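>>> Could you work out the structure for the sequence below:
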Amino acid sequence: MLQASEMPEAAVFKLFAETADFVVLDKAPGISFHSEDGAGLVVQAAAELGYPLFSVHRLDKVTSGLILFAKSSAAAAALAELFATQQIQKYYLALSTGKVAKKQGWVKGDMAPARRGAYKLLSSMQNPAISYFLSFGFNEAAELPPRCRLYLIKPFTGKTHQIRVALKSVSAPILGDELYQAEVADRVYLHAYALNFHYQGQLYQYRQAPMAGLLFQSQAVQQQLQGAWLEPWSLAWPKL
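The predicted structure follows:
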């Protein structure tokens, strides 16, 4: 397993891409979207970039990876509409050591608050959270914990804690996510991996492998990301 000294030092965020209307940031794990005890991602990024940012979607504090910000209110309205009508595809990565109930498939159901700030998945379908996931096992690779699987998740809705709850519901809580009874780890292993959308007649496709997390840096995980999951938007995802 990799040692901490081999890992790159994480900044709060990195500027991943920029256009006239929006920026894409690569957010570090453990950074709040909004300001809590100190300045959050929005405030820090706007200060460093030197212009206002308009939020169009969010990432949990524990989640790393790609997040999109508009550079004007008009662009924000246009991008928010794309998110609302499911025209922006998002893809997430996660690791779990749980004994998963199924290796791929749909997770659908309403979500309700549970204890300690967590959420739970219900069997009702009035306003459901909807996700589809694939997974890959590592055949007990020496550099990874026993039963460790890599998950690629495509959410079709945007509910709070949606992916964390979805994987917990199939007995695969995300490694490090103690709120959902997962094993302790050096981080919560959830990463916003890729974005795919059309905006003003142009196709935008962004992919960023996770840079934080000892297990994400393992050779076995990197091989899967450089191989079959290199272009997640090209996989045969089902439609709603």
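
>>> Just want the most central residue of this structure.
The chain has A192 as the residue nearest its centroid, 2.8 Å off, counting by CA atoms, centre = their mean.

>>> Mind jotting down where the helices sit in the chain?
41-49, 73-84, 162-169, 219-226 (DSSP state H).

>>> The chain: strands as residue ranges?
13-18, 22-27, 54-55, 64-70, 88-96, 105-109, 111-113, 119-121, 129-137, 149-155, 190-199, 202-207 (DSSP state E).

>>> Go through those and name the closest to P238.
Closest to P238 of these is strand 129-137 (CB to CB; 6.1 Å). Every residue, glycine included, has its C-beta placed from N, CA and C.

>>> residues of the closest one that come out buried?
Within strand 129-137, the residues that count as buried by 16 or more other CB atoms under 10 Å are A129, I130, S131, Y132, F133, L134, S135, F136.

>>> Work out the sheet partners of it and label each with its direction, please.
Using DSSP bridges, the strands paired with strand 129-137 are strand 105-109 (antiparallel), strand 149-155 (antiparallel).

>>> Can you tell me which of those is most buried?
strand 149-155 (a mean of 22; mean count of other CB atoms under 10 Å).

>>> Give me the contacts around that strand.
89-97, 100, 103, 129-138, 162-163, 166-167, 172, 193, 221, 224, 229, 232, 235, 237 (CB atoms under 8 Å, 6 or more residues apart in numbering).

>>> Let's see that with 6 Å instead.
By CB atoms under 6 Å, 6 or more residues apart in numbering, the residues outside strand 149-155 that reach it are 91-92, 94-96, 131-137, 162-163, 221, 224, 229, 237.

>>> One more: stretch 80-95?
56-57, 150-151, 153-154, 163, 174-175, 189-194, 196-197, 215, 232.

>>> Going through those residues, which ones are buried?
The buried subset of those - by 16+ other CB under 10 Å - is 56-57, 150-151, 153-154, 163, 174-175, 189-194, 196-197, 215, 232.
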